[in-house]
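1. Quick one, structure for this:
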Amino acid sequence: MADHVLALDQGTTSTRAIVFDADGGIVATAQREHQQIFPRAGWVEHDPIEIWTNTQWVLATALDEAGLGPSDIAGLGITNQRETVIVWDRRTGHPVCNAIVWQDTRTQPLIDDLAADGGTDRFVDATGLPLATYFSASKIAWVLENVRHARRDAEAGHLLFGTPDTWLIWNLTGDTRGGIHVTDVTNASRTLLMDLATLDWSDELLKIFDIPRSMLPRIVASSGVVGDVHEPPAARGIPIAGILGDQQAATFGQAAFDPGQSKNTYGTGNFLLVNTGTEIVRSQHGLVTTVAYRAGDEPARFALEGSIAVTGSLVQWLRDNLGIINSAAEVARLASTVDDSGGAYFVPAFSGLFAPYWRPDARGALVGLTRYVNKAHIARAAIEAAAFQSRDVIDAIVADTGTALAELRVDGGGSRDDLMMQFQADILGIPVVRPAVVETTALGAAYAAGLATGVWRDRDALRAQWREGARWEPRMPQDEADRRVRLWRKAVTKSLDWVDDDVTELS
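-> Predicted coordinates for the structure are as follows:
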C-alpha cells in the first residue's frame, strides 16, 4: 500500500509541493514564487496561468527529489490562498482576466452600496461574514461587470468561477477535456455566497450579487476523494483526496480538531482560528464565523477566525518598496541590532484593517518617529506589528468565548523568527508554542488526503504525531507590555478615517 502523501500548497506569494511520509515527516519539497501584480493602488492580482505552470513544476520536482512515482503516493491534498477569485472560460480553459487577490480593495464602492441597506452585518446570519472586499462575492461581481463579454458569457453558461483550489483541480483533472469543477466547504465558506446552515450556495445571495449559479463549483467535503490527477504526467493517477483553505489546513495540521483548540499562522497575513465544534458561534467582537473542516459525511466543524491582512507582506514591502533589506531573512537580523522600536509603531493597513476593526477607510501609518529612529527601529516595528495585531484578535476571541488561552500554538514562515515569537509571548503574557513541523498548512492538506485514503486510521493517530518544537515564555513585565499595547492602539487610531469620499487612490 502507498504510504506517502503529496501536499500542494498554493499560497499568496508562492506555490509549494511537499511529500510527507506516514509519520508526518517531510521527504521532499519544491517551491516557486509567482509575480505580485499591482495595476494601481488597492488592486492586487496574480496570473492564473503562471500559478498553474508553477504547480506542474513543483509537483514533478518534489516527486523527483523524493524518488517516488504516482504509485507510491496514496493521495494529493490541496490547500490554497482563500477568497482570491479566478474566472475562466470552460470552452478554452483561459482566464478572462488576472486573478483578483484576497487583499484587493477595488470593490469597496459595491460593498458600500450593499451596506447602505442593512449595514456591514447584513449577511452575517447566513454566511458568518461581514460585508467586505476581502471575500470573493464582490470580486466575481466586478469581473462580470467590467470584463468585456463576461456577463454575456457567464449567463450563457460558459464561464466558471473558483478560488485557486478549484482552478488547479480543474486543470489537474483534465481542464477542457473533463476537468472536475469543485471546491470544499472551507473555501466555499469564504465567498460570502454559502449558507453556513445548509453548506450550499445561497440563491438569495447569488441574486443580490447577480452571479449565475452555473459559474459556481460543486461543494464537497474537505477530506474525501474527488478525482484523479491527469496532468502533470509525473503525478498522473494520484487521487485528489483533500481540499482545505490555507488557514483551515494549518488548523488541521496543528491537530486542533476539537472545540476550544486554536492556532495562529504567521504568513502573508496572520490568521487565528479557534475551533467551536459543530456549533455555529456568532462573534460579537469583530471575528468571522467559518467552516473549520468537514471529514467525509461527518457534520461540519466550525471556527471563529481573526483575519489580519498584512504581517509577512510588510516585510516584503520593506524589501521591495523601501529597499532597507535585501531579503526577507534580513529583517530579524536588522531588528535584533536594537533593543526596541525606538518609540515607533507601524500600522500596516495597506488594505484597510481586517479583524477585529473591519475599517476599509484605514491606511498604513508609521507613527512615533523622531530623529533617533533608524531603519533597524523600523524593521523592529514591522516585526512587532504582527504581534500587536495578533493580541487584538486574541482579545476578541477571549471576549467572544469567555475563555482565556492557556498558550498560543503558532506556525507559518513568520513563526521561525525567534525575536517575533518572544515578543508575541511578552505582549500576550502566555507561552507561545511552535510545533516540530512548522509547515502545518501543507501538513494539514496531507492529513486530509491521508485520512481519506487510509494512510492514517483516524484523527487520534494525527493527534499522536504532534510534537512541540520550541516554546517561548513571557519575560516582559506586565506593566511594560500594557504600556506598549496602549501605545499600539493609539497608533491604530491614527490610521483610521484616511480614505474620504472625494479621494481617488492613484497608482
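2. Tell me where the model's unsure across the stretch 1-150 of the chain.
-> For the stretch 1-150 of the chain, not a single residue meets the criterion pLDDT under 70.
3. Show me the helices in it, by range?
-> With DSSP state H, counting those that start in this stretch, the ranges of helices along the stretch 1-150 of the chain come out as 48-66, 108-115, 124-127, 137-146, 150-155.
4. One more: the stretch 251-400 of the chain?
-> Ranges of helices within the stretch 251-400 of the chain are 312-317, 330-335, 375-401, based on DSSP H, counting those that start in this stretch.
5. Same list (these) but as TSV, adding mean pLDDT.
-> Conversion of these to TSV gives the following (pLDDT from 0 to 100):
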stretch	mean pLDDT
helix 312-317	85
helix 330-335	88
helix 375-401	91
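6. Out of those helices, which is the most enclosed?
-> Among these, ranked by average contacts under mean count of other Cβ atoms under 10 Å, first place goes to helix 375-401 (a mean of 22). For glycine as for every other residue, the C-beta is placed from the backbone atoms N, C-alpha and C.
7. which is the next helix or strand following that helix?
-> Following helix 375-401 in sequence order, the next helix or strand is strand 408-411 (DSSP states H and E).
8. on that earlier part again, got the helices of the stretch 1-150 of the chain as JSON lines, with distance to Val398 and mean neighbour count columns?
-> Converted to JSON lines, the helices of the stretch 1-150 of the chain look like this (distance: least, Cβ to Cβ, whole Å; neighbours: other Cβ atoms under 10 Å):
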{"stretch": "helix 48-66", "distance to Val398": "37", "mean neighbour count": "20"}
{"stretch": "helix 108-115", "distance to Val398": "28", "mean neighbour count": "16"}
{"stretch": "helix 124-127", "distance to Val398": "20", "mean neighbour count": "18"}
{"stretch": "helix 137-146", "distance to Val398": "30", "mean neighbour count": "22"}
{"stretch": "helix 150-155", "distance to Val398": "44", "mean neighbour count": "18"}
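9. With respect to Ala406, which of these lies nearest?
-> Across the helices of the stretch 1-150 of the chain, Ala406 has its closest neighbour in helix 124-127 (29.2 Å, Cβ to Cβ).
10. just checking, what packs against that closest one?
-> strand 194-195, helix 203-209 (3 or more Cβ pairs under 8 Å, 6 or more residues apart in numbering; DSSP states H and E).
11. would you turn these into CSV with distance to Asp417 and mean neighbour count?
-> Below are these laid out as CSV (distance: least, Cβ to Cβ, whole Å; neighbours: other Cβ under 10 Å):
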stretch, distance to Asp417, mean neighbour count
strand 194-195, 35, 23
helix 203-209, 39, 15
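12. hang on, the earlier thing: could you point out which of the helices of the stretch 1-150 of the chain sits nearest Gly352?
-> Using Cβ to Cβ, the helices of the stretch 1-150 of the chain put helix 108-115 closest to Gly352, at 8.3 Å.
13. Just the CA atoms of the closest one, as PDB, please.
-> This file holds the C-alpha atoms of helix 108-115, laid out as PDB (Å, rounded to 0.1, in the frame of the first residue of the first chain):
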ATOM      1  CA  GLN A 108     -15.300  48.900  -2.000                       C
ATOM      2  CA  PRO A 109     -17.900  51.000  -3.800                       C
ATOM      3  CA  LEU A 110     -20.100  47.900  -4.300                       C
ATOM      4  CA  ILE A 111     -19.600  46.900  -0.700                       C
ATOM      5  CA  ASP A 112     -20.600  50.400   0.400                       C
ATOM      6  CA  ASP A 113     -23.800  50.300  -1.700                       C
ATOM      7  CA  LEU A 114     -24.800  46.900  -0.200                       C
ATOM      8  CA  ALA A 115     -24.000  48.000   3.300                       C
END
